[in-house]
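Q: Compute the structure for the input listed below.
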Amino acid sequence: MAQLKYWIWLSNLPRLSNQMRLSLLEHFGEPDKIYYGEKEEYFLVRGMTRSMAEALEDKSLEAANRILGDCDKLGVRIITLRDTEYPDRLRNIYDPPLLLYVQGRMPRFDDEVAIAMVGTRRASPYAMEMGEKLAFQMAGLGAVIVSGLAAGGDAAAHRGALRAGGFTAAVIGGGHDVVYPRENRPLYEDIAARGVILSEYPPGTEHKGEHFPVRNRIISGLSVGVVVIEAPERSGALITAGRALDQDRDLFVIPGQVGDHRCAGSNALLRDGAGVVTDAWDVLSVYAGKFPHKVRSLRMKEPRRFGGAPAPAEKPNAGGRKKPDAPGEPKLPVLDLSGDHGLTDDQLRIVRALRGRTVQVDDLIEETQIPTRRILSALTVLELDRIVTQESGKRFSLAVTLK
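A: Model prediction:
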């Protein structure tokens, strides 16, 4: 804790670029040695100017101590560049942040299939639907969804991950106690409780326009791949895409309507070679081999008979013609619960509870007594495997016939 105040002091000094702070660390080794350093020694660091050296002569720790107190009140932790909890994936980019202010549970990003999803704030209804749907699918298959908690595409991605019972990380451009935009407060609170919110800015910092392009390097830096949901020709999402390419991350794009200015920038990325995304597996199949313990592969891609061999081919009747279906006969695939159905205990309880009816998710939670996070996760996988289908109002029903 004693060392933290020097990290905070260094990270908040004016007139110093992030790259200069990193150069100072490389030269001196630790922030306290920078703090107690002599002005003459500061000029040994390449790129040091007189203005920067004068800033370093400000030895007041008042702001640092205030920030430590604010973090304690807010339940915000501080992770420095030298901490083992700091992700190597982020540490190894060109200009990593000196420290991260963390609210929520910090995952081991280096072991996660973290997928960044970004999009324009003025997203089309199509982009909002596709962003939430894709995030829902990927989170349900084991990915961590990373975004910026902005309006539009970012919010859709976070909502989709939370609805799937998955994990999502938000990287914001201000302090944890300054919610922006205001309408995202409920989403902010959900992510803080069930995911993690990260910032390189201390509590009390307003979300300024110049902060967002800077924070985008963290969004892509934490991730193995970046999905652009929708972006016009001038968009922060394109800045994140550029950062992703600079950091040697994979880039994917959801195709948009030709001629719609809202997706002119993202469609241009497709023209230039970005991967096309139509469903979760377009992205996650790239990482399934590297992260087999994280990515749950799709158990089926086409309708099939559950619990064993595919359905036998129908034999023609005596007249050589195929026997017509009986009136009203269901054409749903069969799930044999007595065989090797491959369902988890939670999935099995849900399937049995849905037999012959449509049930709202809250009622399903009450009936099965399965915790909310687990039931949402189980429903996600069941929906992806086409065992259940979701209707309006978060109501679920079976897409199979039980045997």
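Q: what's the neighbour count on the nearest residue to residue 355 once chain neighbours are set aside?
A: Distances taken as C-beta to C-beta, 6 or more residues apart in numbering put residue 402 closest to residue 355, at 5.7 Å, once the chain neighbours are dropped. Every residue, glycine included, has its C-beta placed from N, CA and C. Applying other C-beta atoms under 10 Å, we find 17 residues neighbouring residue 402.
Q: thinking residue 402 is in contact with residue 335, fair?
A: Yes. Contact criterion C-beta atoms under 8 Å: residue 402 and residue 335 qualify, at 5.6 Å.
Q: about what we covered before: for the residue nearest to residue 355, give me its contacts.
A: 334-335, 337, 351-352, 355 (C-beta atoms under 8 Å, 6 or more residues apart in numbering).
Q: from these, which is closest to residue 55?
A: Residue 55 lies nearest to residue 351 out of those, by C-beta to C-beta, at 63.3 Å.
Q: wait, what's in contact with that closest one?
A: By C-beta under 8 Å, 6+ apart, the contact set of residue 351 is 335, 337, 343, 382, 387-388, 398, 402.
Q: Spell out for me the ChimeraX command that would select the buried members of those.
A: Here is the ChimeraX selection string for the buried members of the contacts of residue 351, based on 16 or more other C-beta atoms under 10 Å:
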select :335,343,382,387,388,398,402
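Q: Turn the contacts of residue 351 into JSON lines, columns for pLDDT and secondary structure.
A: Formatted as JSON lines, these follow (pLDDT from 0 to 100; DSSP: H, G, I helix; E, B strand; the rest coil):
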{"residue": "335", "pLDDT": "81", "secondary structure": "strand"}
{"residue": "337", "pLDDT": "81", "secondary structure": "coil"}
{"residue": "343", "pLDDT": "79", "secondary structure": "coil"}
{"residue": "382", "pLDDT": "80", "secondary structure": "helix"}
{"residue": "387", "pLDDT": "86", "secondary structure": "coil"}
{"residue": "388", "pLDDT": "85", "secondary structure": "strand"}
{"residue": "398", "pLDDT": "88", "secondary structure": "strand"}
{"residue": "402", "pLDDT": "84", "secondary structure": "strand"}
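Q: Show me the residue at the heart of this structure, geometrically.
A: Nearest to the geometric centre of the chain sits residue 145, at 1.4 Å (C-alpha atoms, centre = their mean).
Q: Name the residues that touch the helix or strand where that one lies?
A: Assigned by DSSP states H and E, residue 145 belongs to strand 144-147. By C-beta under 8 Å, 6+ apart, the surrounding residues in contact with strand 144-147 are 107, 109, 112-118, 135, 138-139, 153-154, 157-158, 160-161, 166-171, 219, 222-223.
Q: please redo it, this time with the cut-off set to 6 Å
A: Strand 144-147 has contacts (C-beta atoms under 6 Å, 6 or more residues apart in numbering) with 112, 114, 116-117, 135, 139, 154, 157-158, 161, 167-169, 219, 222-223.
Q: What strands line up against it, and which way round?
A: Here strand 144-147 is paired, per DSSP bridges, with strand 114-118 (parallel), strand 168-171 (parallel).
Q: Just the C-alpha atoms of that strand, please, in CSV.
A: Output in CSV follows, covering the C-alpha atoms of strand 144-147 (Å, rounded to 0.1, in the frame of the first residue of the first chain):
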residue,chain,number,x,y,z
VAL,A,144,-15.4,-13.1,-22.0
ILE,A,145,-16.9,-10.1,-23.7
VAL,A,146,-14.9,-6.9,-23.5
SER,A,147,-16.4,-3.5,-24.4
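Q: can you tell me the average pLDDT over it?
A: Averaging pLDDT along strand 144-147 gives 98.
Q: so after that strand, what's the next helix or strand?
A: As assigned by DSSP H and E, the chain's next helix or strand after strand 144-147 is helix 153-163.
Q: Averaging pLDDT per element, find the lowest-scoring helix or strand in this structure.
A: helix 372-384 (a mean of 76; mean pLDDT, DSSP states H and E).
Q: could you check the angle helix 153-163 makes with it?
A: Orientation check (axes from the mean of the first three to the mean of the last three C-alpha atoms, to 10 degrees): helix 372-384 against helix 153-163 gives 100 degrees.
Q: now for helix 372-384, which elements pack on it?
A: helix 125-140, helix 345-353 (3 or more C-beta pairs under 6 Å, 6 or more residues apart in numbering; DSSP states H and E).
Q: how far off strand 114-118 does the first one point, in degrees?
A: Regarding helix 125-140 and strand 114-118, their directions subtend 170 degrees when assessed with the same axes, to 10 degrees.
Q: Just name whatever secondary elements helix 125-140 is in contact with.
A: Based on contacts counted as 3+ C-beta pairs under 6 Å, 6+ apart, the elements that helix 125-140 packs against are helix 153-163, helix 372-384.
Q: Distance from the chain centre to the longest one, please.
A: Averaged C-alpha coordinates place helix 372-384 at 17 Å from its chain's average position (C-alpha atoms, centre = their mean, to the nearest Å).
Q: And the first one, by the same measure?
A: Offset of helix 153-163 from its chain centre (C-alpha atoms, centre = their mean): 8 Å.
Q: Enumerate residues external to that helix that contact any of its residues.
A: Contact with helix 153-163 is made by 117, 119-120, 123, 127-128, 131-132, 135-136, 139, 145, 147-148, 168, 187, 190, 229-230, as judged by C-beta under 6 Å, 6+ apart.
Q: can we see that at 7 Å?
A: Here helix 153-163 makes contact (C-beta atoms under 7 Å, 6 or more residues apart in numbering) with 117-120, 123, 127-128, 131-136, 139, 145, 147-149, 167-168, 170, 184, 187, 190-191, 194, 229-230, 237, 376.
Q: Please apply the same query to the last one.
A: Contacting residues not belonging to helix 372-384 are listed as 136-137, 140-141, 163-166, 296, 298, 344, 346-347, 350, 364-365, 368, 388-390, 396 [C-beta under 7 Å, 6+ apart].
Q: could you dump that helix to PDB, C-alpha only?
A: Provided in PDB are the C-alpha atoms of helix 372-384 (Å, rounded to 0.1, in the frame of the first residue of the first chain):
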ATOM      1  CA  THR A 372     -30.000 -17.200 -11.900                       C
ATOM      2  CA  ARG A 373     -26.500 -17.200 -13.300                       C
ATOM      3  CA  ARG A 374     -26.500 -21.000 -13.800                       C
ATOM      4  CA  ILE A 375     -29.900 -21.100 -15.400                       C
ATOM      5  CA  LEU A 376     -29.100 -18.400 -17.900                       C
ATOM      6  CA  SER A 377     -25.900 -20.100 -18.800                       C
ATOM      7  CA  ALA A 378     -27.700 -23.400 -19.200                       C
ATOM      8  CA  LEU A 379     -30.400 -21.900 -21.300                       C
ATOM      9  CA  THR A 380     -27.800 -20.300 -23.600                       C
ATOM     10  CA  VAL A 381     -26.200 -23.600 -24.400                       C
ATOM     11  CA  LEU A 382     -29.600 -25.300 -24.800                       C
ATOM     12  CA  GLU A 383     -30.600 -22.500 -27.200                       C
ATOM     13  CA  LEU A 384     -27.400 -22.800 -29.200                       C
END
